[in-house]
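Visitor: Structure, please.
(one chain, ligands or ions: 1)
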Amino acid sequence: MAQMHDEDTLAFYDREAAAYAARKRGEPTRLHRFLEQLRPRARILELGCGGGQDAELMDAAGFDVTPTDGSAGLAAQAQARLGRPVRVMRFEELDEVGAYDGVWANACLLHVPENGLADVLTRIHRALKPGGRFNAGFKAGDGGGRDSLGRYYNFPTEESLRKAYGAAGDWAALELTAGQGGGFDGVMREWWFVDAVK
Ligand code: SAM
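Guide: Residues are numbered from 1 along each chain as shown. Here you go, the predicted model:
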């Protein structure tokens, strides 16, 4: 049976929740671009919301945001930042159908074990309304492994990502963009940013 989450990675985020939530972040250019493509007050599911910085921005911009995270520690940090409940939810617990105009999954699905990614993407596809938009970022590589902090990453190739998205359902549009980015471990890496439309 496919493994859906990595216990050590979630334990890392629980342990480091306060430090992770307090870190300085770059300009959220991709988030602004994502929001520009949605209607005003659109319903957005945020997966792996971390300390809640992106949800805070989306709240302020008037969107109807549901922030969630699989780490109880980070959900509590996000809750304190946002002043409203943040659901503790692992990706594989998502079971809604046709509920969202957008799914924002910044730098979080990269922690899904390789053999569980297609199932999680299927759940996201199902949770979107027709025409709904879905954005996610993945650290690129050639297969799963751990960083120096012990966190698991699926480190996909372009081909493996396209295969996992393809297995999840039909997409009206699927765009992969290569880029560079850092992380909590201080290492700059290549990334794949994926913009999908149901
Ligand atoms: N999206 C936030 C941001 O951009 O700051 C946080 C990114 S952080 C690199 C990854 C997040 O994914 C953490 O908040 C972690 O708790 C969450 N996460 C990891 N595995 C998860 C899982 N299986 N289900 C739900 N959340 C998970």
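Visitor: so where's this protein uncertain?
Guide: 1 (pLDDT under 70).
Visitor: Show me which residues of it are close to the ligand?
Guide: Taking CB under 6 Å from any ligand atom as the criterion, the neighbours of the ligand within the chain are 5, 9-10, 13, 48-50, 69-71, 74, 90-91, 106-108, 111. No exception for glycine: its C-beta is placed from N, CA and C like everyone else's.
Visitor: Filter those residues down to the ones in helices?
Guide: In helices, defined here by DSSP state H, the members of the residues of the chain next to the ligand are T9, L10, Y13, L74.
Visitor: Next up, the contacts around the residue sitting nearest the centre point of the chain.
Guide: The chain has A105 as the residue nearest its centroid, 2.2 Å off, counting by CA atoms, centre = their mean. A105 is in contact with E46, L47, G48, I124, F134, N135, A136, counting by CB atoms under 8 Å, 6 or more residues apart in numbering.
Visitor: Assign G179 to helix, strand or coil.
Guide: The three-state assignment at G179 reads strand, by DSSP: H, G, I helix; E, B strand; the rest coil.
Visitor: Would you confirm that it contacts V194?
Guide: No: at 11.1 Å, G179 and V194 do not qualify as touching, with contact defined as CB atoms under 8 Å.
Visitor: Neighbour count for the two, which is higher?
Guide: V194 (24 against 12; other CB atoms under 10 Å).
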